[in-house]
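> my questions concern the predicted model and sequence given below.
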Amino acid sequence: DAKTTQPPSMDCAEGRAANLPCNHSTISGNEYVYWYRQIHSQGPQYIIHGLKNNETNEMASLIITEDRKSSTLILPHATLRDTAVYYCIVRLNRDDKIIFGKGTRLHILP
Amino acid sequence: GAVVSQHPSWVICKSGTSVKIECRSLDFQATTMFWYRQFPKQSLMLMATSNEGSKATYEQGVEKDKFLINHASLTLSTLTVTSAHPEDSSFYICSASTGNQGKNIQYFGAGTRLSVL
């Protein structure tokens, strides 16, 4: 079973920041938080990952709480192309399988 | 990011025939690749872990004799659906791990949509 809990769906207005929450209260000390997204009929796309520090790249920012029991993925300026299912995944940093939960279906509203 | 190529993107076959799907890591070597299956409106379900030069590890409930996996090189893994039936119709997706310490990222192929008539 997936180790994370995400809301099933969210809406966000185009141009606004999209904040996607994820709970991972049973995360262990050496597990990372990864985020992927899947646009309809495509393979999942890697977005970002982190251990305990906040991370930022060209796609998004990842905010991890100090106790590491939850995190938030931030898409700073959402566009219609960001409409997708977003998956929050907890796993070890090695060649390990990914178990996908149900994710959050993000709708970007024009 | 790294590129994983999957071929074909779409295949239609008759019931009882076999179908082979290829997964290639184009710009990196992958000792481990993974195969997933996704039914409409559902999440990805891991089928098996493919290790270069050794037998694949199948998840519970996945028939290893029906879904043959070969990982003959560090850049290629294949999934063969043998004696396909309509219930095997699905979206099959592979992934490959870069395995770099500190940035162990799995990259996914674009998927193969299989329709069995």
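Everything's here; your move.

> in chain A, what residue is nearest chain B?
A:Gly43 (3.6 Å; Cβ to the nearest Cβ). Yep, even glycine has a C-beta here, placed from its N, CA and C like the rest.

> distance check, that residue against B:Gly53.
25 Å (Cβ to Cβ, to the nearest Å).

> neighbour count winner among these two?
Per other Cβ atoms under 10 Å in any protein chain shown, whichever of A:Gly43 and B:Gly53 has more neighbours is A:Gly43, with 22 against 9.

> how about the residues of chain B by chain A?
Residues of chain B lying close to chain A (Cβ under 8 Å from any Cβ of the partner chain) are B:1, B:4, B:6, B:31-32, B:34, B:36, B:43-46, B:49, B:91, B:93, B:95, B:97, B:99, B:101-102, B:104-111, B:113.

> who's in contact with the residue of chain A closest to chain B?
B:Val4, B:Gln6, B:Ile93, B:Ser95, B:Phe108, B:Gly109, B:Ala110, B:Gly111 (Cβ atoms under 8 Å, 6 or more residues apart in numbering or on different chains).

> residue of chain B closest to chain A, please.
For chain B, Cβ to the nearest Cβ, closest residue to chain A: B:Phe108, 3.6 Å.

> what number of residues lie near that residue?
23.

> over to B:Ile105?
By other Cβ under 10 Å, neighbour count at B:Ile105 equals 18.

> now do the one helix or strand B:Leu46 maps to: which elements does it pack against?
Per DSSP states H and E: B:Leu46 is located in strand B:45-51. Contact here means 3 or more Cβ pairs under 8 Å, 6 or more residues apart in numbering or on different chains; DSSP states H and E; on that basis strand B:45-51 packs against strand B:32-38, strand B:57-58, strand B:67-73.

> so how far is it from its chain's centroid?
Distance of strand B:45-51 from the chain centroid (Cα atoms, centre = their mean, to the nearest Å) equals 7 Å.

> tell me the bridge partners for A:Val85.
Following DSSP bridges, A:Val85 is listed with bridge partners A:Gln38, A:Arg105.

> and for A:Tyr34?
In beta-bridge terms (that is, DSSP bridges), A:Tyr34 pairs with A:His49, A:Ile89.

> quick check: residues of chain A near chain B?
A:34, A:36, A:38, A:41-46, A:49, A:87, A:93-103.

> remind me which residues of the chain are low pLDDT?
Picked chain A for this. Scanning chain A with the threshold set as pLDDT under 70 gives A:1-2, A:93, A:95.

> ah, no, chain B please
Those would be B:1, B:99-103, if you go by pLDDT under 70 across chain B.

> start and end of stretch B:79-86, how far apart?
Using Cα to Cα, to the nearest Å, one end of stretch B:79-86 lies 17 Å from the other.

> residues in contact with that stretch?
B:13, B:15-21, B:23, B:35, B:47, B:65-70, B:88, B:92, B:94, B:114, B:116-117.

> can you pull the contacts of the residue of chain B closest to chain A?
Contacts of B:Phe108 by Cβ under 8 Å, 6+ apart are A:Tyr36, A:Gly43, A:Pro44, A:Gln45, A:Tyr46, B:Val4, B:Ile93, B:Cys94, B:Ser95.
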